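Peer 1: Test case, fold it:
(2 chains)
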Amino acid sequence: MPPIIEVENLHKSFGDTHALAGVSFQVERGSVLGLLGPNGAGKTTAVRVLATLLAPDQGTARVGGLDVSTQANAVRSIIGLTGQYAAVDEKLTGAENLRMVGRLLGMSSSQARSRATVLLERFDLSDAADRQVTTYSGGMRRRVDLAVSLVGSPEVLFLDEPTTGLDPASRSELWAITRELVADGTTVLLTTQYLDEADELADRIVVIDHGQVIEEGTADELKDRTGGRSLEIEFETSAELAAAASVLQPFSAKGELQQNEQDCLLSLSVDSDTALAVRAIAALTDAGLSPADFRLHRPSLDDVFMALTGHGTETEEQEGPDSIPGNAKSGDTNTEAMNS
Amino acid sequence: MSDTATVSTETATYRRPSGLNAIYQDSRVIAWRNLVHLPRTPQLVIFTLIQPIMFVLLFTYVFGGAIGKALPPGVSYAQFLIPGIMVQTLVFGTSATAVGLAEDLQNGIIDRFRSLPISRSAVLNGRILADMIRLTAVATVLVVIGYVVGFRFQGGLGLGLLMILVAVAFGTSMCWIMTNIGMRVKDAETAQTAGFVWLFPLTFISSVFTPVYTMPAWLQVFARNNPVTLVANLLRALSVGEVLPGSTWVSMSLPVFLWIVGITAVAAPLAVNRYRQA
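Peer 2: Just a heads-up that it's a prediction; the model follows:
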């Protein structure tokens, strides 16, 4: 069976900005592709081209074997789009939004009504069905937006940064819904800035930067390239640092023990083996060394980017270790392709 | 989350209408959506209902005494005011078209519509259709409040209805200008300004509130050729059932007709074209 999404050598510029500079990738039917990259990488532009909202300057994109430029209306009848900012009518109620889209898709009033009821129930919105969307919380808004995209039972669903700005609970809720949809056979193309989100949901990940695909693979393959979690231990003096390094030498089976003299920082690769980290700390204590501080550092998108490109993601703030990235970024605005 | 797995597997049987029927059906749904907005947007309720009532009362009782003296004998100020204020109110009311469209573009609902397999002109058609209904409601409110302050359809109900029709037709052509503004500005606030400021000179340098001959000569040139004046004069003629001295029904209505057709013929294709590229 041919891939349900085929993107070939896509180019799109806005003035001097090359949002897409030759992007190619494919998505297998029934799978989840994560399009991973920092703000301005071209993710949203790629989705907008695939959703027929934007004509590419060059290259082809096909969804379900249909060309997005020449067979746009046919493409529209098999896709669903959920944007970064909930594109529902805030003055309408949740139920009215769903019924409106049902009617626009050609359903009769009663068909649209029953479809709306099913979706509202499915997304836990029955109680809020007759309230204007303005009154919804961020998580509810995202759910109703997703529900609206599903009125026509699309074969392909585009989720453009679906959890940006959501609290952790809403985030995992949205992840759960996405998994259910995939289980039902829907193909999902997901854009995200968060490695953990791609990790949770995506079968394959395409890393995109400056409008180009710079890496492609499964989450595990990407992580192998950046290294897994590491234990970072900080000391007061460089003497302690040197002593600790020799104590921990036996723990670094893969030879991944790094000393940072300047910050008096020791970094030991532990991947998912947290017991190893505990044993390492215990060994230091046994040797009479007391670290000033220690923490588990998880590879962030920034690390992936450092590993892949040698430069950071240009999103200035550094995430704390094991923090949930969703919170800190809620105020971010996506600067790419806001020209509609 | 309920654990049903029916979303993607349920196969409701429905199909999209085709051709003109599709445009009609889609436009109707969009128009419904825009009309539902009206009572839920306090600002629009004020524009639609409160403001015209307030203007009629203010002008009749505050300025009416002074301006009424400049009118030909036997013409009451209410009779002079209502057709004029109808043009002015409808023209001001069209700025809501620009604001609404800019808002839709800004918050992404237009992207939602554009990702659906619906006819490309439906979003604009539907908005214009809803605006026509809104303008008709405003015109009706004005007639009702007019009757309270002494305005009458002196030429009969038929010509009275024709007066409302002409006013709404002119307002609708102005809405097409406003759709262009709404799609070319970057946000609703800019649309509010861009869709509003130029309406002041357009409606005030006209025969809407005072007779044109009371203005300085240089201003009269603009005022006499201002489409708002032409429309206001035609509405007055329709409300009393007779034309201005020295005019005929044709000489009064043909320029208005040409303005309405001309504005629409230029602004509507520009707007639809812009929408396709947006």
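
Peer 1: Which residue is the nearest non-sequential neighbour of the one residue in the stretch 51-200 of chain B that gets nearest to chain A?
Peer 2: Using Cβ to the nearest Cβ, the closest approach of the stretch 51-200 of chain B to chain A is made by B:Gly108 at 3.5 Å. Where C-beta positions appear, they are placed from N, C-alpha and C, glycine not excepted. Nearest non-adjacent residue to B:Gly108, counting by Cβ to Cβ, 6 or more residues apart in numbering or on different chains: A:Ala87, 3.5 Å away.

Peer 1: cool, and B:Leu49?
Peer 2: Leaving aside its sequence neighbours, B:Leu49 is closest to B:Val141 (5.8 Å, by Cβ to Cβ, 6+ apart).

Peer 1: Show the pLDDT at that neighbour.
Peer 2: B:Val141 carries a pLDDT score of 92 in this model.

Peer 1: next one: A:Gln84
Peer 2: For A:Gln84, the predicted pLDDT is 72.

Peer 1: How about B:Tyr61?
Peer 2: pLDDT recorded at B:Tyr61 is 90.

Peer 1: from memory A:Asn129 sits against A:Leu92, does it?
Peer 2: One correction, residue A:129 is Ala, not Asn. No. Using Cβ atoms under 8 Å, A:Ala129 is not in contact with A:Leu92; the gap is 11.2 Å.

Peer 1: who's more crowded, those two?
Peer 2: Set A:Ala129 next to A:Leu92 and count neighbours by other Cβ atoms under 10 Å in any protein chain shown: A:Leu92 wins out with 21 against 18.

Peer 1: related to what we said a few turns ago, so the residue nearest to B:Gly108 is in which element?
Peer 2: A:Ala87 is part of no helix or strand when elements are defined by DSSP states H and E.

Peer 1: Which parts of the stretch 151-300 of chain A are helices?
Peer 2: A:168-183, A:195-201, A:219-226, A:238-248, A:274-286 (DSSP state H, counting those that start in this stretch).

Peer 1: right, and these - which one's nearest chain B?
Peer 2: When those are compared (using Cβ to the nearest Cβ), the closest one is helix A:168-183, at 6.0 Å.

Peer 1: Distance from the chain centre to that closest one, please.
Peer 2: 12 Å (Cα atoms, centre = their mean, to the nearest Å).

Peer 1: can you check stretch B:255-267 too?
Peer 2: Distance, centroid of stretch B:255-267 to centroid of chain: 14 Å (Cα atoms, centre = their mean).

Peer 1: And stretch B:178-186, by the same measure?
Peer 2: 16 Å.

Peer 1: Any regions of the stretch 51-200 of chain B where pLDDT drops low?
Peer 2: Within the stretch 51-200 of chain B, no stretch has pLDDT under 70.

Peer 1: can you rerun that using 80?
Peer 2: B:68, B:70, B:73-74 (pLDDT under 80).

Peer 1: residues in it within reach of chain A, list them.
Peer 2: B:105, B:107-118 (Cβ under 8 Å from any Cβ of the partner chain).

Peer 1: Who's the closest spatial neighbour of A:Ala243, skipping the chain neighbours?
Peer 2: A:Leu289 (6.0 Å).

Peer 1: What score does the one you found have for pLDDT?
Peer 2: The predicted local confidence for A:Leu289 is 87.

Peer 1: Neighbours of it, how many?
Peer 2: Neighbours of A:Leu289 (other Cβ under 10 Å): 17.

Peer 1: And the spatially most central residue of chain B, which helix or strand is it part of?
Peer 2: In chain B, the centroid-proximal residue (Cα atoms, centre = their mean) is B:Gly171; its distance is 3.1 Å. Using DSSP H and E, B:Gly171 falls within helix B:157-184.

Peer 1: now for the next helix-or-strand element following that helix, which elements pack on it?
Peer 2: Note on helix B:157-184: by DSSP H and E, the next helix or strand toward the C-terminus is helix B:188-194. Applying 3 or more Cβ pairs under 8 Å, 6 or more residues apart in numbering or on different chains; DSSP states H and E, one finds that helix B:188-194 makes contact with helix B:95-107, helix B:157-184.

Peer 1: list the buried ones in helix B:188-194?
Peer 2: For helix B:188-194, a neighbour-count test (16 or more other Cβ atoms under 10 Å in any protein chain shown) marks B:188, B:190-192, B:194 as buried.

Peer 1: which pair in these spans the largest distance?
Peer 2: Greatest spacing in these, by Cβ to Cβ: B:Ala188 and B:Ala194 (10.6 Å).

Peer 1: how many neighbours does A:Arg76 have?
Peer 2: 24.

Peer 1: How much space separates it from A:Ile214?
Peer 2: 30 Å (Cβ to Cβ, to the nearest Å).
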